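Trainee: quick one, structure for this:
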Amino acid sequence: MSRTELAIGGMTCASCAARIERKLNRIDGVEATVNYATEKAQVRFHDGADVSVDDLIAAVEATGYTARPPRATAAAAGETSETGQAGQTGETGETGQAGHAGETAEADDRLAALRRRLLLAVALSVPVIALAMVPALQFPYWEWVSLVLATPVVGYAGAPFHRAAWTNLRHRAATMDTLISLGTSAAYAWSVWSLLTEGHIYLEAAAGVTAFVLAGRYAEARSKRKAGAALRALMELGAKEVTVLRGSGSGERREQTVPAAEVRVGDLFLVRPGEKVATDGTVVEGASALDASMLTGESVPVEVAAGDPVTGATLNAGGRLIVRATRVGADTQLARMAQLVEDAQNGKAAAQRLADRISAVFVPAVLLLSLATLTGWLLATGDATAAFTAAVAVLIIACPCALGLATPTALMVGTGRGAQLGILIKGPEVLENTRRADTIVLDKTGTVTTGSMTLLAVHTADGVDEDEALRLAGALEHASEHPVARAIAAAAARRTRTLHAAEDFANIPGRGVQGVVDGHAVLAGRESLLADWAIRLPEELVRAASAAEAAGSTAICVAWDGEARAVLEVADAVKDTSADAVARLRALGLRPILLTGDNKAVAETVAAAVGIDTEDVIAGVLPEDKAAVVRRLQSEGRTVAMAGDGVNDAAALATADLGLAMGTGTDAAMEAGDLTLVRGDLRAAADAIRLSRRTLAIIKGNLFWAFAYNVAALPLAAAGLLTPMVAGAAMAFSSVFVVANSLRLRGFAPTA
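Mentor: Numbering: from 1, shown residues only. All right, here's what the predicted structure looks like:
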């Protein structure tokens, strides 16, 4: 199934989105989701569906709205409603940033036009309201002055409502704009008639409601811009220009500055101190520290050297680097992050789908209720003024916008804040799963541990210097490609700075290595290798080796010049943050279980180090059996979350009720997970679950208040207890309240 995306123009309420969604879903082979807050339509095509993007755009336009691919520039966008809000593009690649900038400029223009209408409405409606409400200010013919002042407010400032209502009428539909246009137009027309017949005028309602609704739309538009700020900031992180190195071989490489979008896989590019890495790649020359906080939320710089991978948009805080591009455009980690965030923002929770269905029938129901209110008052009292007032109040106060904004705005802010902290939430259904999860399965290697062999300790015989033992062993192991050898060589290089080349190097498979370093005949490997040379370990080194192996570590015996001198303890080290992360997960009500293919002794050692109970250790599990373990736990009635990072974790991540993929892991794991933790720190798992649960709570709170508002307000309006002007103010406030409540998620902070 393929997919595409459309930017929708002219939507002003949730019922608009529902109408467009229904229209698109009537097309054979198409599944569409329209999001009012982001003004985007996500469209999926079934294989073999004979549908083009032009067909989709035509379907939207037939509904009375505009549509275009997000990459289109503002100039190609066509005419859109000035009261609509800006969407944000998730497109990446060569034209992504340009399209994003075009949409941002277009949104700014629409916001400015809305502000002009609002300022005019406020300036002219204030004296109209004051004259109607304060008898002391009334003078001869003040009613006619009010008419002069109110006419531009209703006619010009309220024009977007009237245009949208007329468009809806031509398409035999009704939206919130229909209610506002009918209410203000009825109040204005009644007032003109009353001026001619010396009856009561409602110009303050016509002008005041227009001003209040415009104020609500403007506040809503600004708030929604803030809600999408995190995604826009994410899209703008990348470097704009890059210095590419041209030429190779014996010839001198020349530097050429080009736009970052022109970099191709395999290109060499230069990253100077203070510059951003242009795209994902591998360091070819140089060493430095990279600030990745903008992507991971982690403030500690990452040391890189030749052979290390680097991520686009990270900041070079140290030396000069030459990098070979490995991924560009939409394949980069930054682009994938942005796409994940936007996909999540465009999704809909189950509760929001219910709200959309209600909104679709809400406006016609309100029109009938308003007519029933008018008829009921006339029959009960015969008072046309009271009947008209109540009917107009019903029209104006019934705003389904709060229902339409309840989920999308919270998702926009929550997922955007998560992206800033290195937490990517795939969709709204994930939020419900985070609330229900009661067990979390932790893959050991790469999740709880570093995933690579690390030198843990150097044990030496009496009188032997640790640095000297490590220097000689490291120089010898530097010639080997074995993971244990690389760990020893790396530790030696960090501690002693300089490693001399070994002579007469020989690798003895399964036993160890031997060679000559600085004139010393050096052996490094199993105890049996030393025994071949009639070298025995002193008692203290025998105890050290036995203790290391009992703890699941690898013991490397080191001898030189015919004498055993040291034992090096190497293992997949537990991450410094894992114990704290496990404690945080427990505090969230989750039971941690350690899952590994290693033997039970190694697994229990790691579990003890991080605070996992022995009975919650599942060891000796083959990679293909990890998903079966998850299913077994689910069959016991548990709701299972799973954290992993490898290809062999992908099936288990997909099987779990909630998959948390460590961003330092493989693409397969990240695709299978529901949440991606970019910085690879297990503490981020606890923060991700906290953020998801809080976002879900905000969504439910928004929906509750949106429903409660309409349930309470409509009967009050129908009973004549609300004037049209007060109804307009209350209606505007309901939408602003929902958006403002969602913006509280911007203050979410990870646990210190």
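
Trainee: pull out the buried positions in the helix or strand harbouring Pro160.
Mentor: Element membership for Pro160, per DSSP states H and E: helix 159-170. Residues of helix 159-170 classed as buried by neighbour count (16 or more other C-beta atoms under 10 Å): 160-165, 167-168. Yep, even glycine has a C-beta here, placed from its N, CA and C like the rest.

Trainee: got any ranges where the stretch 251-400 of the chain has weak pLDDT?
Mentor: Applying pLDDT under 70 to the stretch 251-400 of the chain flags residues 251-252, 292-301, 337-360, 398-400.

Trainee: please enumerate the strands of the stretch 401-550 of the chain.
Mentor: Along the stretch 401-550 of the chain, the segments classed as strands by DSSP state E, counting those that start in this stretch run 423-425, 439-443, 449-460, 503-508, 512-517, 520-525.

Trainee: run through the stretch 601-750 of the chain and note the low-pLDDT ranges.
Mentor: Low-confidence segments of the stretch 601-750 of the chain (pLDDT under 70): 623-624, 646-648, 650, 663-673, 725, 728-729, 731-732.

Trainee: so where do the strands sit in it?
Mentor: 617-618, 640-644, 658-662, 675-677.

Trainee: also the stretch 201-350 of the chain?
Mentor: Assigned by DSSP E, counting those that start in this stretch, the strands in the stretch 201-350 of the chain fall at 241-246, 254-259, 268-271, 280-285, 288-291, 302-304, 309-310, 315-316, 321-327.

Trainee: could those go into TSV alongside distance to Thr695 and mean neighbour count?
Mentor: Formatted as TSV, the strands of the stretch 201-350 of the chain follow (distance: least, C-beta to C-beta, whole Å; neighbours: other C-beta atoms under 10 Å):
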stretch	distance to Thr695	mean neighbour count
strand 241-246	36	18
strand 254-259	36	12
strand 268-271	36	23
strand 280-285	29	19
strand 288-291	28	19
strand 302-304	29	18
strand 309-310	31	18
strand 315-316	29	22
strand 321-327	30	20
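
Trainee: now those strands as CSV including distance to Glu466?
Mentor: What follows is those, written out as CSV (distance: least, C-beta to C-beta, whole Å):
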stretch, distance to Glu466
strand 241-246, 42
strand 254-259, 45
strand 268-271, 36
strand 280-285, 30
strand 288-291, 27
strand 302-304, 23
strand 309-310, 32
strand 315-316, 34
strand 321-327, 33
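
Trainee: mind checking which of the ones you listed is nearest Ala221?
Mentor: Of all the strands of the stretch 201-350 of the chain, strand 254-259 sits nearest to Ala221, with 31.9 Å by C-beta to C-beta.

Trainee: mind listing what the closest residue to Asp616 other than its chain neighbours touches?
Mentor: Leaving out its chain neighbours, the residue that sits closest to Asp616 by C-beta to C-beta, 6 or more residues apart in numbering is Ile593, at 4.7 Å. Counting by C-beta atoms under 8 Å, 6 or more residues apart in numbering, Ile593 touches 439-442, 612, 616-618, 633.

Trainee: so can I have JSON lines of those residues showing neighbour count and distance to Cys557?
Mentor: What follows is the contacts of Ile593, written out as JSON lines (neighbours: other C-beta atoms under 10 Å; distance: C-beta to C-beta, whole Å):
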{"residue": "Thr439", "neighbour count": "23", "distance to Cys557": "42"}
{"residue": "Ile440", "neighbour count": "25", "distance to Cys557": "39"}
{"residue": "Val441", "neighbour count": "27", "distance to Cys557": "37"}
{"residue": "Leu442", "neighbour count": "27", "distance to Cys557": "33"}
{"residue": "Ile612", "neighbour count": "24", "distance to Cys557": "32"}
{"residue": "Asp616", "neighbour count": "15", "distance to Cys557": "35"}
{"residue": "Val617", "neighbour count": "20", "distance to Cys557": "29"}
{"residue": "Ile618", "neighbour count": "19", "distance to Cys557": "33"}
{"residue": "Leu633", "neighbour count": "22", "distance to Cys557": "41"}
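
Trainee: and those residues, which two are furthest apart?
Mentor: Ile612 and Leu633 (14.8 Å).

Trainee: now stretch 195-207 - C-alpha only, PDB.
Mentor: C-alpha atoms of stretch 195-207 as PDB (Å, rounded to 0.1, in the frame of the first residue of the first chain):
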ATOM      1  CA  LEU A 195     -34.500  50.600  12.800                       C
ATOM      2  CA  LEU A 196     -37.100  51.000  10.200                       C
ATOM      3  CA  THR A 197     -39.900  49.900  12.500                       C
ATOM      4  CA  GLU A 198     -38.600  51.300  15.800                       C
ATOM      5  CA  GLY A 199     -38.000  47.900  17.300                       C
ATOM      6  CA  HIS A 200     -35.100  46.600  19.400                       C
ATOM      7  CA  ILE A 201     -31.800  46.300  17.600                       C
ATOM      8  CA  TYR A 202     -29.100  43.600  17.900                       C
ATOM      9  CA  LEU A 203     -26.200  45.300  16.300                       C
ATOM     10  CA  GLU A 204     -24.000  44.800  19.400                       C
ATOM     11  CA  ALA A 205     -24.600  41.000  19.000                       C
ATOM     12  CA  ALA A 206     -23.800  41.100  15.300                       C
ATOM     13  CA  ALA A 207     -20.600  43.100  15.700                       C
END
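
Trainee: could you list the buried residues of it?
Mentor: Applying 16+ other C-beta under 10 Å to stretch 195-207 flags 195, 201-207 as buried.

Trainee: swap in stretch 45-54?
Mentor: 45, 49, 51.

Trainee: take the residues you listed and keep only those in strands.
Mentor: The members of the buried residues of stretch 45-54 that map onto strands under DSSP state E are Phe45.

Trainee: which one of the buried residues of stretch 45-54 sits closest to Leu431?
Mentor: Comparing those against Leu431 with C-beta to C-beta places Phe45 closest, at 27.2 Å.

Trainee: how about the closest one, what does it touch?
Mentor: Residues near Phe45 by C-beta under 8 Å, 6+ apart: 1-4, 29-30, 51.

Trainee: got a ChimeraX select line for the buried ones in these?
Mentor: In ChimeraX, a selection of the buried entries from the contacts of Phe45 looks like this (16+ other C-beta under 10 Å):
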select :4,30,51
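
Trainee: so which of the strands of the stretch 201-350 of the chain is nearest Ala62?
Mentor: strand 254-259 (38.8 Å).

Trainee: partners of that closest one in the sheet?
Mentor: According to DSSP bridges, strand 254-259 has the following sheet partners: strand 241-246 (antiparallel).

Trainee: which residues are in contact with the partner strand?
Mentor: Here strand 241-246 makes contact (C-beta under 8 Å, 6+ apart) with 253-260, 262-263, 267-270, 272, 278-279, 322.

Trainee: chain center to that strand: distance?
Mentor: Put simply, strand 241-246 sits 31 Å off its chain's centre (C-alpha atoms, centre = their mean, to the nearest Å).

Trainee: perfect, I'm done here.
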